[in-house]
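Trainee: Got a sequence here, can you build the structure:
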Amino acid sequence: MITTCQLTAGVAVTAPTAAAAPAAVSVGVPGGGVGLARQSDRILTAMFIDTDGVLNVAWEYNNGPWHAPVRISASVAEPGTPVALSMQTRTRFTAAFIDKWGRLNVAWLDDNGPWTQPTPISGQVAKPGGSVALAQYGDNQLTAAFVDSSGTLRTASVTGTGPWSPPAPTGGAVGLPGSPIALARHKTGQVDRMVATIIDNTGTLNTAYQPYPGGPWTAPSVVGYPLTNPGGGVALAQQNDSTLTASFTSTYGFMHVAWVNDGGNWNGPVSVDGLNADRGTGGGAIAMAKQTPGILVAASVDWWGYFSVAWAENNGAWNPPVRVGGSVAPHGAGVAVFKQSDNILTAAFIGNDGKLNVAWVEYTGAWAGPVPIN
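Mentor: Alright, predicted model coming up:
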């Protein structure tokens, strides 16, 4: 049970030349986007775009102390732009974001070597500062997805270390340009597909599918009815061997979940909050990950700026969000969660002071943090 902690290559594109990065301390935009993923079995990596539009990377090794953020690019993006992270192959680790010119960019490292400079793999089709999601489809295909400047879902993919495909539109314009997007592989005994979710321009959850690697994507289709702010935050994760779960916060800040079993129809969305729950921000950022094989966690920063977690154990009823630590971030702040090791789940976000904060829980113990690492 979770308890609160009482701590006080791709497509060639001709583009404008980026200005040199100023020599300054890494400071994030309070509440801005953060990417978090394992770079290797022993390295957990966090990335964000700082107040100068520079890509930053921080990391911890073998459950040790975090290394303070280091700048690795010129000024290439709008400050606070979300960054997505994923393994691309067994040895290549990739970051993706939308640059200040509206192009999808990727940067990567091989075998824990040095980072490449961000490289645009599309034309100017996205909203500067918009969100991107990454997910693997097996060990050899990586997919990127975003909502473009017209509100249309686009996807791009790469096989192995080859060239990226240009981002292709999926369906018509149903979302808000640059809105949050979630992407996950849904693999069960009956289906193996890539799933994308967004909150559309009416505030309704939408889902789209790719039925097999390289296959055609379906157009986004609605699940339920309008419950949240148009273009709001959404998260997606596989809950068990058959169930894929999506989560978001409603207009009034109550957490909702929807789910699909195998290849069936989506269920919900339904509220998992009571009136006394630690309410989130309507449409604010939310992230999900497995804490243990039987516990799925949803994390967010609530209305009062507290890092909060909700969880479902062994496919049972969801426990409403509870607070961890003090009020340290803007409500609805971008938050990421990822397994640091087999027994540790870590969350990251940018606090009110622009510092990268982390919180963590070991197995089923109490959460620790949040604490700044720079």
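Trainee: could you pull out the strands for the stretch 201-350 of the chain?
Mentor: Here the stretch 201-350 of the chain has its strands, by DSSP state E, counting those that start in this stretch, at 205-210, 221-223, 235-238, 243-249, 255-261, 266-271, 287-292, 295-301, 306-313, 318-327, 335-339, 344-350.
Trainee: so can I have TSV of these showing mean pLDDT and distance to Asn63?
Mentor: (C-beta placed from N, C-alpha, C; glycine too.) TSV is the format used below for these (pLDDT from 0 to 100; distance: least, Cβ to Cβ, whole Å):
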stretch	mean pLDDT	distance to Asn63
strand 205-210	97	35
strand 221-223	97	38
strand 235-238	97	23
strand 243-249	96	28
strand 255-261	95	30
strand 266-271	94	36
strand 287-292	96	16
strand 295-301	96	19
strand 306-313	95	20
strand 318-327	94	19
strand 335-339	97	12
strand 344-350	98	7
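Trainee: can those go into TSV with extra columns for distance to Ile373 and mean neighbour count?
Mentor: Output for those, formatted as TSV (distance: least, Cβ to Cβ, whole Å; neighbours: other Cβ atoms under 10 Å):
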stretch	distance to Ile373	mean neighbour count
strand 205-210	34	23
strand 221-223	37	16
strand 235-238	23	22
strand 243-249	26	27
strand 255-261	27	22
strand 266-271	34	17
strand 287-292	18	21
strand 295-301	17	27
strand 306-313	14	24
strand 318-327	14	19
strand 335-339	14	24
strand 344-350	9	26
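Trainee: mind checking which of the ones you listed is nearest Ala196?
Mentor: Closest to Ala196 of these is strand 205-210 (Cβ to Cβ; 4.8 Å).
Trainee: in the stretch 101-250 of the chain, which ranges drop under the pLDDT threshold?
Mentor: Scanning the stretch 101-250 of the chain for pLDDT under 70 picks out nothing.
Trainee: Now do the contacts for the closest residue to Trp259 other than its chain neighbours.
Mentor: Excluding the flanking residues, the one nearest Trp259 by Cβ to Cβ, 6 or more residues apart in numbering is Thr245, at 4.6 Å. For Thr245, the contacting residues are 236-239, 257-259, 288, 296, 312, by Cβ atoms under 8 Å, 6 or more residues apart in numbering.
Trainee: Of the strands of the stretch 201-350 of the chain, give the one that comes closest to Thr45.
Mentor: Across the strands of the stretch 201-350 of the chain, Thr45 has its closest neighbour in strand 335-339 (9.1 Å, Cβ to Cβ).
Trainee: Tell me which strands the closest one pairs with, and in which orientation.
Mentor: In the sheet, strand 335-339 lines up against strand 344-350 (antiparallel) (DSSP bridges).
Trainee: Moving C-terminal from the strand it pairs with, which element do we reach first?
Mentor: Using DSSP states H and E, the helix or strand that directly follows strand 344-350 along the chain is strand 356-362.
Trainee: mind listing what's buried in the next helix or strand after that next one?
Mentor: Downstream of strand 356-362, the first helix or strand assigned by DSSP H and E is strand 368-372. Buried residues in strand 368-372, counted by 16 or more other Cβ atoms under 10 Å: 368-372.
Trainee: So among these, where is pLDDT lowest?
Mentor: Checking pLDDT across the buried residues of strand 368-372, the minimum falls on Gly369 at 90.
Trainee: ok, now how distant is the residue lying closest to that one once chain neighbours are set aside from Val335?
Mentor: Excluding its sequence neighbours, the residue lying closest to Gly369 (Cβ to Cβ, 6+ apart) is Ala359, at 3.5 Å. Ala359 is 9 Å from Val335, where distance means Cβ to Cβ, to the nearest Å.
Trainee: Ok, Met194 next?
Mentor: From Met194 over to Val335 the distance is 23 Å, taken as Cβ to Cβ.
Trainee: try Trp164
Mentor: Distance, Trp164 to Val335, by Cβ to Cβ: 27 Å.
Trainee: Then Gly263?
Mentor: Taking Cβ to Cβ, one finds Gly263 at 31 Å from Val335.
Trainee: And Ala298, by the same measure?
Mentor: Shown here: Ala298 relative to Val335, a distance of 10 Å by Cβ to Cβ.
Trainee: if I look at the two, which residues touch both of them?
Mentor: Overlap of the contact sets of Ala298 and Val335 (by Cβ under 8 Å, 6+ apart) consists of 286-287.
Trainee: what would the contacts of Thr245 look like in TSV with distance to Ser179?
Mentor: Compiled in TSV, the contacts of Thr245 are given as follows (distance: Cβ to Cβ, whole Å):
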residue	distance to Ser179
Leu236	14
Ala237	19
Gln238	23
Gln239	24
Val257	19
Ala258	17
Trp259	22
Met288	18
Leu296	24
Ala312	26
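Trainee: any idea which of the residues you listed is closest to Ala135?
Mentor: Set against Ala135, the nearest of those by Cβ to Cβ is Leu236 (8.8 Å).
Trainee: what sits against the closest one?
Mentor: By Cβ under 8 Å, 6+ apart, the contact list for Leu236 reads 182-184, 195-197, 244-247, 288.
Trainee: list the contacts for Tyr61?
Mentor: With Cβ under 8 Å, 6+ apart, Tyr61 has these contacts: 42-43, 67.
Trainee: And it, what's its pLDDT?
Mentor: pLDDT, read off for Tyr61, is 95.
Trainee: what is it paired to in the beta sheet?
Mentor: Beta-bridge partners of Tyr61, as defined by DSSP bridges: Ile43.
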